[in-house]
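>>> Mind looking at a prediction? Sequence and model below.
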There are 2 protein chains.
Amino acid sequence: MPYNELRKDYLLDRWVVIATERSRRPTDFAKPRPQTAQTAGCPMCVGNENMTPPALMLYQKDGDKITRSQDPLTGERSKDWLVRVIPNLYPAFSPPKQPEDAKQITKNKYLWSAVGHHEVLVESPNHEEDPAEAELPQLELVINAYIDRLKELSAKPYVKYVSIFRNHGLEAGASLSHAHSQVIATPMVPTIIREEQKAARTFYEENGKCIFCDIIEGEVKGPRLISEDHDFVVLAPYASVNPMEFWILPKKHAPNILDLTAPEVSAFAKNLKSSLKALKTLVNNPPYNYGIHLALNPESQDSYHWHLEVYPKLATWAGFEKSTGVYINTVTPETAAETLRKTLTP
Amino acid sequence: MPYNELRKDYLLDRWVVIATERSRRPTDFAKPRPQTAQTAGCPMCVGNENMTPPALMLYQKDGDKITRSQDPLTGERSKDWLVRVIPNLYPAFSPPKQPEDAKQITKNKYLWSAVGHHEVLVESPNHEEDPAEAELPQLELVINAYIDRLKELSAKPYVKYVSIFRNHGLEAGASLSHAHSQVIATPMVPTIIREEQKAARTFYEENGKCIFCDIIEGEVKGPRLISEDHDFVVLAPYASVNPMEFWILPKKHAPNILDLTAPEVSAFAKNLKSSLKALKTLVNNPPYNYGIHLALNPESQDSYHWHLEVYPKLATWAGFEKSTGVYINTVTPETAAETLRKTLTP
């Protein structure tokens, strides 16, 4: 086609120009990256636990088993942890200070109280840990910690959504370099997720089928597939707004990660590691963000399908994107998929 | 209020946490900025016109008057211009190559051809020109050039919207440092603008009034006003998603800039310069993007009200913002307004 393509997202009313006329090769984005920060004074490193509030949740090794506990509110904090979850010192959302507050979140159409939770999930005692290189058992612990935090937070009556995400690299917003994810529980279903859920419900009503199951069925046969195993597919979405964007989707329909089995956790860890490793190799450890998209609300159980979206940060959204909500992507999703597929190491 | 505020935009279903618990003072964002690039080899500098395609539009001085012309398709290009508009060498949207193409833009629900226009508007012969410091007559020429390009592009039957925007500084996406704006004409009304127009129409139907006229009426009396004169107000919007964000709105209701009078152009130039100058002084010349929001479609003439939105780039949108569409802003709009107001030089 003699013009750039203007593609619409599977669900959102979000458009992207796939700008082949100024197309870039993935390796064009490879550039020297700043060194990571030093561990001295890192509040997430072992030995510095007193620089942070007591842990809300800890995974510890007990012989062959992993046990779950938490720090006491006062007194000594554990130093022999494998994963450590703490409250964010500067929370965007904070827990109700008294029970009535949880019922008065909505002030008016334009103003709510930001009641919820904001946690930091330290992924490893190892400052330099990177999911692209991590040992699989450690990465499985991280995913199990996601599930445990989702279970606890989603049970609270004022929590309507839990966003689990990771920022990698300073340019992607990771102000501390020690390997960590974040968990934010919100009093409403956030805009993008709500729009996706709404579009997915409409598709379900019209077709009697989950749209993500349908997407997977179509994409596994096409040029945007990156990898596939018994449990997961990894693909570059049709209307990627980020160069080299990819999604990891479970083949089994489930609205969220609460019921993942141990083999599924293990398969998820494997796919997460291998795809992030391919990205790291291909583009010289670029900054990225990832986020899990899921549904907790009962009306989305059949129609919404959880997945993880990875957004490499290789472009700057400027005046056009910010004032129109239309994006320009200089790497076609087909090129992203092909180059990541070829870079994957089994 | 003991919690962060969760504020909704005037029109969009877009929410922002005004994070006072991690609040920052505007001057915290002041930091050394990289030097701008050299003029040698700059394709927008005088003398280098042959590095670009022929100008689509030129403003030239002819005695006391400014005349409008364009370069011939072949042969010598003018070197004595004040404003110069050229096609973008790597256009996101391109003109129809044959008339039929303009009628076949829509391929299907998920795919359109990116038919349209993508132009670069060189704001001055002076490489280092900055609207915060420019002479007002030159800035008036820039605004007149916006109007002329909007007039020409919006008359084309396949153009449904024209986005006029400016990227300032490398971190805000300005890959070339010579002062320039961009103009992109699209075959559809872009997402954010369409949502704003829809919400504005609903408000108009329910209240018989333009929502922006209503916003101006409310904000001029409140803590988010930055400045006000006979023709314009400058304010920090209630649910700013960017630290130090501000908007410039005309008091006279108009859906777009096509009918601006010469005194209004002059007042717009003055407000643009003084508010950008205050931002530059307060935060040490930060990168920013600005974009004009407007309506061309007949059904939005009464309900939509053009304005310019300025987004200083002082924060990094990370995993939470990108996967939820909910933003975190660490400067309250009230602080932004107060500090900009105090920094304004008359």
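Ah, there it is.
>>> And for A:Ala30, the neighbour number?
15 (other CB atoms under 10 Å in any protein chain shown). (C-beta placed from N, C-alpha, C; glycine too.)
>>> again with A:Glu128
Neighbours around A:Glu128, by other CB under 10 Å: 11.
>>> Assumed it was part of a strand.
No - going by DSSP: H, G, I helix; E, B strand; the rest coil, the assignment for A:Glu128 is coil, not a strand.
>>> My read is that it contacts A:Ala179, right?
Yes - when contacts are counted by CB atoms under 8 Å, A:Glu128 is listed as touching A:Ala179 (7.5 Å).
>>> which neighbours do those two share?
Among the neighbours of A:Glu128, none is also in contact with A:Ala179 (CB atoms under 8 Å, 6 or more residues apart in numbering or on different chains).
>>> Quick test: name the residue nearest the centre of chain A.
Taking CA atoms, centre = their mean, the centroid of chain A lies closest to A:Gly291, which sits 1.9 Å from it.
>>> Which secondary structure element is home to that one?
For A:Gly291, the host element (DSSP states H and E) is strand A:288-293.
>>> quick one, the helix or strand following that strand and strand A:288-293 angle?
Downstream of strand A:288-293, the first helix or strand assigned by DSSP H and E is strand A:307-312. For strand A:307-312 against strand A:288-293, the angle by axes from the mean of the first three to the mean of the last three CA atoms, to 10 degrees is 160 degrees.
>>> in its sheet, what does strand A:307-312 sit against?
Sheet pairing of strand A:307-312 (DSSP bridges) gives strand A:246-250 (antiparallel), strand A:288-293 (antiparallel).
>>> Keeping just the C-alphas, turn the last one into CSV.
Included here for strand A:288-293 are C-alpha records, laid out as CSV according to Å, rounded to 0.1, in the frame of the first residue of the first chain:
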residue,chain,number,x,y,z
TYR,A,288,10.8,-0.5,29.2
ASN,A,289,7.6,-0.7,31.2
TYR,A,290,5.3,-3.7,31.6
GLY,A,291,1.9,-4.0,33.1
ILE,A,292,-0.6,-6.8,33.7
HIS,A,293,-4.1,-6.1,32.4
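>>> which residues does the residue lying closest to the residue nearest to the centre of chain A once chain neighbours are set aside contact?
In this structure, A:Gly291 finds its nearest non-sequential neighbour in B:Ser323, 2.8 Å apart by CB to CB, 6 or more residues apart in numbering or on different chains. The contact partners of B:Ser323, by CB under 8 Å, 6+ apart, come to A:Ser163, A:Phe165, A:Ile192, A:Ile193, A:Asn289, A:Tyr290, A:Gly291, A:Ile292, A:His293, A:Glu309, A:Tyr311.
>>> let's see 10 Å
A:163-165, A:190, A:192-193, A:289-293, A:308-309, A:311 (CB atoms under 10 Å, 6 or more residues apart in numbering or on different chains).
>>> ok, which stretches of the stretch 101-250 of chain A are helices?
With DSSP state H, counting those that start in this stretch as the criterion, the stretch 101-250 of chain A has helices at A:136-154, A:191-207, A:211-219.
>>> I'd like to know which of those helices is closest to B:Pro26.
Within the helices of the stretch 101-250 of chain A, the stretch nearest B:Pro26 is helix A:191-207; the backing value is 27.1 Å (CB to CB).
>>> by contact count, what packs against that closest one?
strand A:161-168, helix A:211-219, strand A:288-293, helix B:319-324 (3 or more CB pairs under 10 Å, 6 or more residues apart in numbering or on different chains; DSSP states H and E).
>>> With mean pLDDT added, can I get these in a markdown table?
Formatted as a markdown table, the helices and strands packed on helix A:191-207 follow (pLDDT from 0 to 100):
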| stretch | mean pLDDT |
| --- | --- |
| strand A:161-168 | 98 |
| helix A:211-219 | 97 |
| strand A:288-293 | 98 |
| helix B:319-324 | 97 |
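>>> Out of those, flag the one nearest A:Ala174.
Closest among these, using CB to CB: strand A:161-168, at 4.1 Å.
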